[in-house]
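Kindly generate the corresponding structure for this input.
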Amino acid sequence: MKSMTGFGRGQFTADGIDILAEVRSVNHRFLECTVRLPRAYSFLEEPIKKAVQQVAARGKVEVNLTMQLPESATNTVAVNVELANAYCQALQAANETLQLQDDLTLSTLLRLPDVCTVQKQPMQEEEIWSDTKIALEQALQRFVAMRETEGEKLRQDVLSRLQTITQHLTVVEAEAPTMQQNYYDRLYQKLQTLLEDQSIDAQRLVTEAAVFSEKVAIDEETVRLRSHLQQCADLLEAKEPVGRKLDFLVQEMNREVNTIGSKAQNLSITQLVVEMKSEIEKIREQIQNIE
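Sure, this is the predicted structure:
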């Protein structure tokens, strides 16, 4: 089990190359990955996103890439010898007329327009990706490790709350028959009081009281709730992402507890319902962080 929040950093440094990768994520319903990197290296965006998809199924993931490559790796200096020679010949021809002191030097020629130029070399994309991948893999490993650590804490917390709900449910199940019988007895006495001056079949009175008392029976709800609790506990041991399934089960658990509360004709059961709803709400908050 993994949390959807995490952070990891990785770095590759060699021969004047310095690449720093940082990966962080927060909660999100689906997987959303954004990559921030220098515009010149935009070709790295797609392979970076594919690498993130291999380790994350949900969460808003942001990858920040800082890259420093030596200028010599991307630039070359070129001297236009033919243009320099043309400048030289033109200046010497002009000097025959002007009769100036000849101080023409190489440094003078290099300052003339277009004699010396800096040219961008085509990027070696495969080599750059190979170096970037090393930093990215380090960052992702640490990112996943943090998510797993946080996920284990969430698992333990949710499991503890499931056990608390199960304990409360066991007490509710034990008191439910007494609650239903007490409701039947009270209803029967009230019907007898209301109809004491009228002729009515005693068996019919018993039947009507039994029918109404069945409406406060919570057996079906407690059975379904126990099933949901077991399914949640099983999902906590799963290896794949289970956040969405847990979210659905928590909704179902809440529905069953609400029904039990609406049927309860017993103060102690009502109090237990309040406790169970409190635990379910805390579980709901926690699973918002689970992948």
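
Pretty sure residue 52 sits against residue 23.
Yes: with contact defined as CB atoms under 8 Å, residue 52 counts as touching residue 23 (7.3 Å). In short, each C-beta sits where N, CA and C put it, glycine included.

Out of these two, name the residue with the larger neighbour count.
residue 23 (30 against 22; other CB atoms under 10 Å).

So what pairs up with the more buried one in the strands?
Assessed by DSSP bridges, residue 23 has beta-bridge partners residue 8, residue 63.

if I pick it, what's in contact with it?
By CB atoms under 8 Å, 6 or more residues apart in numbering, residue 23 lies in contact with 6-9, 52, 61-64, 136, 139-140, 143.

got the phi/psi numbers for the residue positioned nearest the centre of the chain?
The residue lying closest to the centre of the chain (CA atoms, centre = their mean) is residue 59, at 2.4 Å. Main-chain dihedrals, residue 59, degrees, to the nearest 10: phi 120, psi 160.

Tell me who's in contact with it.
By CB under 8 Å, 6+ apart, the contact set of residue 59 is 4-6, 25-28, 31-32, 291.

Ok, residue 53 next?
Residue 53 makes contact with 31, 33 under the criterion CB under 8 Å, 6+ apart.

I'd guessed residue 144 sits against residue 8; true?
Yes: using CB under 8 Å, residue 144 is in contact with residue 8, at 7.4 Å.

ok, how many other residues are close to the spatially closest residue to residue 159 that is not a sequence neighbour?
Excluding the flanking residues, the one nearest residue 159 by CB to CB, 6 or more residues apart in numbering is residue 236, at 5.7 Å. Applying other CB under 10 Å, we find 18 residues neighbouring residue 236.

Residue 144 and residue 8: which has the busier surroundings?
Legend: neighbour count by other CB under 10 Å for residue 144 and residue 8, higher for residue 8 (23 against 18).

give me every residue that touches the more buried one.
Counting by CB under 8 Å, 6+ apart, residue 8 makes contact with 22-24, 138-146.

how does it look with 10 Å?
The contact partners of residue 8, taken as CB atoms under 10 Å, 6 or more residues apart in numbering, are 21-25, 55, 63, 136-147.

Repeat that for residue 277.
Taking CB under 10 Å, 6+ apart, one finds 165, 253-254, 257-258, 260-261 in contact with residue 277.

That one belongs to a helix, doesn't it?
Yes: counting by DSSP: H, G, I helix; E, B strand; the rest coil, residue 277 falls inside a helix.

Quick check: the gap between it and residue 37.
Residue 277 sits 47 Å away from residue 37, going by CB to CB, to the nearest Å.

residues contacting residue 115?
Taking CB under 10 Å, 6+ apart as the test, what residue 115 contacts is 78-87, 106, 108-109.

run the last query once more with 8 Å
So residue 115 contacts 79-80, 83-84, 87, 109 (CB under 8 Å, 6+ apart).

now residue 241
2, 57-58, 290-291.

and residue 2, backbone torsions?
Per-residue torsions, residue 2: phi -120, psi 150 (degrees, to the nearest 10).

That one: how many residues sit nearby?
28.

Common neighbours of residue 52 and residue 23, please.
When contacts are counted by CB under 8 Å, 6+ apart, residue 52 and residue 23 have 61, 63, 140 as shared neighbours.

where does the first one fall, phi/psi-wise?
The phi and psi values for residue 61, taken as degrees, to the nearest 10, are phi -100, psi 130.

possible to save the shared contacts of residue 52 and residue 23 as CSV with distance to residue 176?
Putting the shared contacts of residue 52 and residue 23 into CSV (distance: CB to CB, whole Å) gives the following:
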residue, distance to residue 176
61, 47
63, 54
140, 51
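
Before I go, just wanted to say thanks for your time.
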